[in-house]
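S.K.: quick one, structure for this:
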Amino acid sequence: MRRFRSVEEAAAVRAGARSLVKTVVGSSFLWAWGFLCYLSPALIPQPNADGQSVGLEYGFFASQGAVVLFALVVALRARRRRIVVRTPVFLGAAVASSLTVVVLAQAVRASALPVVLACGAIDGFCVALLGAAWGARYSLGSRGMRPLVVVSFLAAYVLYLLAAHVPGPWSMAVACALPLASWALWMSDASARHELSADVFPDRDTRDGASMPGELSAGLWEARVLPWRAIGVLVAAAFVGNLVASVVMGRGYASVDSLFFGGVVVCACIATMSLVPLTAGRNALSVEGVYRITLTFTAVGLVAIMVFGAAGISAGGALVQGSAFFLQVLVFLVVTQSTQEEGLSPLLSFSVGQALIAGVVFVGNVLGKQVFALFGSEASVLDVVCGCGLLALFFMLVSRASAGEGGAGAWKAQGGVEEQTGKGPLACADDGASALSGTSSAVPSRFEPVQAEVAPFAERYDLTPRETEVLGYLVRGRTLPYIADALFVTTGTVKTHTVHIYRKAQVSSRQELLDLFEAGA
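M.R.: Predicted structure coming up:
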């Protein structure tokens, strides 16, 4: 059992544990709400006798389009000025998401398509904002936070499986309560770390209490830094899954319950498999490894549909849909890693990440319905679609394997994320460790040139060797928790070193420190 040096240290550890629990539970509430709102039998009435659409999917498509539009607005507005999100906006988003559950259910039953579309659009904007808020929380922590991303989605899958088959009124009540509960946990956790957030992401706007917490908007506003190659591979694979699932489902929602329920079960299985190495022996399972497992599930589902025809649609469709769901989780994980390591603004990075996920879901489903409308869902059509999907997955794996044979330096830096890893775009580029690993590793080799650059500055202002190390990370845009994880010290210790650096350099923020450093470089 670990012994603490002081009562303060023990209290800090307990507070940190409570914060992690709030993060996992609160974010899982938001993810589960998305499943319940559009996939729960409580909100989906019995399909028409001819199996035609009940209209709910149009609301889902509207929500995905709104997520894309939200990201475009954020990216375009950020070109002119930094975006500051006021605290009441988050409460408004949670309340609106909760109310649309009831309105959406009634609108679907009344076949009021304009209302369904309006609810979907509102949900898209609200979920994009709340999702970015939780993404900021995950990127604020150390590398040990990354496995919790998978844990949060696993908890969401379990919650959906439990709540989806609760009697109608109670299931509706749960769906209404989840956004508000998620906001309450986020607000509680954000308030507790508000004082620290200004040090982690220094920004003049964050000192205004009304814009709390500062970590959502502060940071680097350059989308080019995101690992586009890694995200592109995941998005392409997710597109295949959504396309096939849409063709299988056709125009109606007659099979949505079994298809998506089975898909969520598959997601839970993949999430569990990805976490087993961490719980068993602290061994790392990379995003690359989870990606290959997910593609294997997809391939098995496609083969099952091709071989068994109608008899294999239920199981095969669930495998394909579940894999597509989990590939979206991997996109969120990669964005978390990139935001954490490169010091990006979470509002920008997670808006873009969610928009990519929403875009591929929207395009895949719409295109699948067009294929169904033109050719139907006969066995030959499904065989062609599944065969094309298998070929696409095969070429993606082959290209990944050939890229990995290039050895060190095979992948050049894209915004500083994939530099000289020799493991392809899905590898963790900064330290070579897995994105799902909670362990620390040695300082990366590309840190040495930065240390040489900061040496004259450190000598000029009489910095100690440890302060020089911290300075090297600060000028690279690293967060305080990340620095603490890399140097095997506490965040409080890094904060102390940072204050000493500020005092010696006679600055009051990281931006002033960077300006001074660049002026003297």
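
S.K.: switch to C-alpha atoms for all contacts and neighbour counts from now on
M.R.: Noted.

S.K.: where do the domain boundaries of the chain fall?
M.R.: 19-404, 447-520 (automatic domain parsing).

S.K.: show me where pLDDT drops low in the stretch 101-250 of the chain?
M.R.: The stretch 101-250 of the chain contains residues with pLDDT under 70 at 141-143, 167-168, 192-215, 218-219, 250.

S.K.: show me the helices in it, by range?
M.R.: Secondary structure of the stretch 101-250 of the chain (DSSP state H, counting those that start in this stretch): helices located at 113-140, 146-163, 168-192, 194-200, 228-249.

S.K.: so which of those gets nearest Arg79?
M.R.: helix 113-140 (18.6 Å; C-alpha to C-alpha).

S.K.: output the contacting helices and strands for that closest one.
M.R.: The contact analysis (3 or more C-alpha pairs under 8 Å, 6 or more residues apart in numbering; DSSP states H and E) places helix 113-140 against helix 7-39, helix 56-78, helix 87-109, helix 310-342, helix 346-375.

S.K.: as TSV, the domains of the chain with mean neighbour count would be great.
M.R.: Shown next, in TSV, are those (neighbours: other C-alpha atoms under 10 Å):
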stretch	mean neighbour count
domain 19-404	21
domain 447-520	17
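
S.K.: any chance of the helices of the stretch 101-250 of the chain in CSV, plus distance to Val320?
M.R.: Shown next, in CSV, are the helices of the stretch 101-250 of the chain (distance: least, C-alpha to C-alpha, whole Å):
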stretch, distance to Val320
helix 113-140, 24
helix 146-163, 16
helix 168-192, 26
helix 194-200, 40
helix 228-249, 5
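
S.K.: out of these, which gets nearest to Leu516?
M.R.: Of all these, helix 194-200 comes closest under C-alpha to C-alpha, at 17.6 Å.

S.K.: what residue lies at the spatial centre of the chain?
M.R.: Centroid-nearest residue in the chain, with C-alpha atoms, centre = their mean: Phe332, separated by 2.2 Å.

S.K.: so what's that one up against?
M.R.: Residues near Phe332 by C-alpha atoms under 8 Å, 6 or more residues apart in numbering: Phe350, Gly353, Gln354.

S.K.: how near is Ala93 to Val276?
M.R.: 35 Å (C-alpha to C-alpha, to the nearest Å).

S.K.: typo on my end, Glu222
M.R.: For Glu222, the distance to Val276 (C-alpha to C-alpha) stands at 35 Å.

S.K.: likewise Ala230?
M.R.: 24 Å.

S.K.: Gly368 now?
M.R.: 35 Å.

S.K.: and for Leu330?
M.R.: From Leu330 to Val276 the distance is 16 Å (C-alpha to C-alpha).

S.K.: likewise Gly387?
M.R.: According to C-alpha to C-alpha, Gly387 stands 32 Å off from Val276.

S.K.: how about Gly364, nearest residue that isn't a chain neighbour?
M.R.: Leu243 (4.4 Å; C-alpha to C-alpha, 6 or more residues apart in numbering).

S.K.: can you check Phe70 too?
M.R.: In space, and not counting its chain neighbours, Phe70 is closest to Phe125: 6.1 Å by C-alpha to C-alpha, 6+ apart.

S.K.: and that neighbour, what is it in contact with?
M.R.: Phe125 neighbours (C-alpha under 8 Å, 6+ apart): Ser63, Ala66, Val67, Phe70.

S.K.: residues touching the third one, list them.
M.R.: When the contact criterion is C-alpha under 8 Å, 6+ apart, the partners of Val67 are Gly124, Phe125, Val127, Ala128, Ser351, Gln354, Ala355, Ala358.

S.K.: list the residues that contact the closest residue in space to Ala155 that isn't next to it in sequence.
M.R.: In space, and not counting its chain neighbours, Ala155 is closest to Ser28: 5.9 Å by C-alpha to C-alpha, 6+ apart. With contact set as C-alpha under 8 Å, 6+ apart, Ser28 has these partners: Ser152, Phe153, Leu154, Ala155, Ala156, Ser182.

S.K.: quick check: the first one touching Val25?
M.R.: Which is Ser152. Yes - using C-alpha atoms under 8 Å, Ser152 is in contact with Val25, at 6.7 Å.

S.K.: ok, Ala128 - contacts?
M.R.: By C-alpha under 8 Å, 6+ apart, the residues touching Ala128 are Val67, Phe70, Ser351, Gln354.

S.K.: just checking, the second one touches Ser351?
M.R.: Yes - the pair Phe70 and Ser351 qualifies as a contact (C-alpha under 8 Å) at a distance of 7.2 Å.

S.K.: what average pLDDT does stretch 303-315 get?
M.R.: Stretch 303-315 shows a mean pLDDT of 84.

S.K.: and Ala223, how far from Val127?
M.R.: Note on Ala223: its distance to Val127, by C-alpha to C-alpha, is 20 Å.

S.K.: same check, this time on Ser217
M.R.: Taken as C-alpha to C-alpha, the span from Ser217 to Val127 is 17 Å.

S.K.: same deal with Gln106?
M.R.: 21 Å.

S.K.: so which of the contacts of Phe125 is the closest to Gly472?
M.R.: Gly472 lies nearest to Phe70 out of the contacts of Phe125, by C-alpha to C-alpha, at 35.0 Å.

S.K.: identify the residues contacting the closest one.
M.R.: By C-alpha under 8 Å, 6+ apart, the contact list for Phe70 reads Phe125, Ala128, Ser351, Ala355.

S.K.: report the distance from the helix or strand containing Arg503 to the chain centre.
M.R.: Assigned by DSSP states H and E, Arg503 belongs to helix 491-505. Taking C-alpha atoms, centre = their mean, to the nearest Å, one finds the center of helix 491-505 at 31 Å from the center of the full chain.

S.K.: I'd like the next helix or strand past that helix.
M.R.: Counting by DSSP H and E, the next helix or strand C-terminal to helix 491-505 is helix 510-520.

S.K.: what's the mean pLDDT across that next one?
M.R.: Per-residue pLDDT over helix 510-520 has a mean of 82.

S.K.: and stretch 477-496, by the same measure?
M.R.: Averaging the model's pLDDT scores along stretch 477-496 yields 75.

S.K.: distance between that stretch and the chain's centre?
M.R.: 23 Å.

S.K.: who's in contact with stretch 145-154?
M.R.: Contacts for stretch 145-154 (C-alpha under 8 Å, 6+ apart): 24-25, 27-28, 31, 138-139, 267-268, 271-272, 275, 329, 333, 336-337, 435-438.
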